[in-house]
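[1] Fold the following and give me the result.
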Amino acid sequence: MVAETVTKLLLNFKDEIGTNLEKLGDKYKLDIGELRERIDSLELKNDALREQLAGKEKSLRKLTETVEQANYASNNAIKMANYNEQYSRKNNIKIYGVIEKEHENTRDVVCKVLKEQGEVQITADDITAVHRIPGRQGSPRPILMHVKNTEIKRQRGFPVCTVYSHAIIRRIGNSWLPDICVYHSVLYR
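    Residues are numbered from 1 along each chain as shown. Prediction:
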């Protein structure tokens, strides 16, 4: 009788353990199924994000190329603008150190000063335009003179480079220089 009771109890335990194991197995199967669905969903999202990232990288490469092209074009535009500005100034001469008088005729003053001090024969007809430009405070304003063409500059003995003009400064006290743009003036400093 005891053996029967123990056997029944063991069978009961065995049945209950089997039932509990089946329930746990079913529960874990459901949990594992849900986790697999979540993993699959995350993998799909991950793939979508990778595609988006690849698209963004491609877009970034295109934008980088566009920026590089724009940078190259802007540098060329700056060089060309500098060249054009320098070309438009090729007939200009800046004259420094000429004392400014009230109601002066700048054209006549330039012709006189260049003839007397610089030993340069230039006529009023050779000059297209002449006027004073802003200069350093406390010194006479420089004169900007525009001659008809570069031949007149060469024939009359005007300097074509700053080295020659520094010798003139030491000799006559006044100076004249080719009119150069800001970009080139940095190179001469």
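
[2] Now for L114, how many residues are close by?
    By other Cβ atoms under 10 Å, the residues close to L114 number 23. Glycine gets a C-beta too; all of them are placed from N, C-alpha and C.

[3] For it, which non-adjacent residue is closest in space?
    Once flanking residues are discounted, L114 sits nearest to V120: 4.3 Å by Cβ to Cβ, 6 or more residues apart in numbering.

[4] for the host helix or strand of A70, what is the average pLDDT?
    Assigned by DSSP states H and E, A70 belongs to helix 2-88. Mean pLDDT, computed over helix 2-88, is 89.

[5] quick one: strands adjacent to the following helix or strand past that helix?
    Proceeding N to C from helix 2-88, the next assigned helix or strand is strand 92-96, under DSSP H and E. Using DSSP bridges, strand 92-96 pairs in its sheet with strand 143-147 (antiparallel), strand 175-178 (antiparallel).

[6] returning to what we had before: report all helices and strands that the helix holding A70 contacts.
    When contacts are defined as 3 or more Cβ pairs under 8 Å, 6 or more residues apart in numbering; DSSP states H and E, helix 2-88 packs onto helix 182-188.

[7] Swap in 7 Å and give it another go.
    When contacts are defined as 3 or more Cβ pairs under 7 Å, 6 or more residues apart in numbering; DSSP states H and E, helix 2-88 packs onto no helix or strand at all.

[8] Going forward, the N-terminal residue is numbered 33.
    In the new numbering, first residue 33, that becomes helix 34-120.

[9] how far away is L92 from L85?
    Per Cβ to Cβ, to the nearest Å, L92 is found 10 Å from L85.

[10] With Q84 as the reference, measure out to K126.
    Distance of K126 to Q84, computed by Cβ to Cβ: 61 Å.

[11] Between those two, which has more neighbouring residues?
    Neighbours per residue, other Cβ under 10 Å: of K126 and Q84, the larger number sits with K126, 18 against 10.

[12] Touching, that one and G167? I think so.
    No: here K126 lies out of contact with G167, judged by Cβ atoms under 7 Å, at a distance of 9.5 Å.

[13] Lowest average pLDDT across the strands paired with strand 124-128?
    Per-stretch mean pLDDT for the strands paired with strand 124-128 is lowest at strand 207-210 (a mean of 57).

[14] quick one on the thing from earlier: now for K126 and G167: what residues contact both?
    Jointly contacting K126 and G167 under the rule Cβ atoms under 7 Å, 6 or more residues apart in numbering are P174.

[15] which neighbours does the helix or strand hosting T160 have in its sheet, and in what orientation?
    Assigned by DSSP H and E, T160 belongs to strand 159-164. Strand 159-164 has its sheet partners listed here by DSSP bridges as strand 175-179 (antiparallel).
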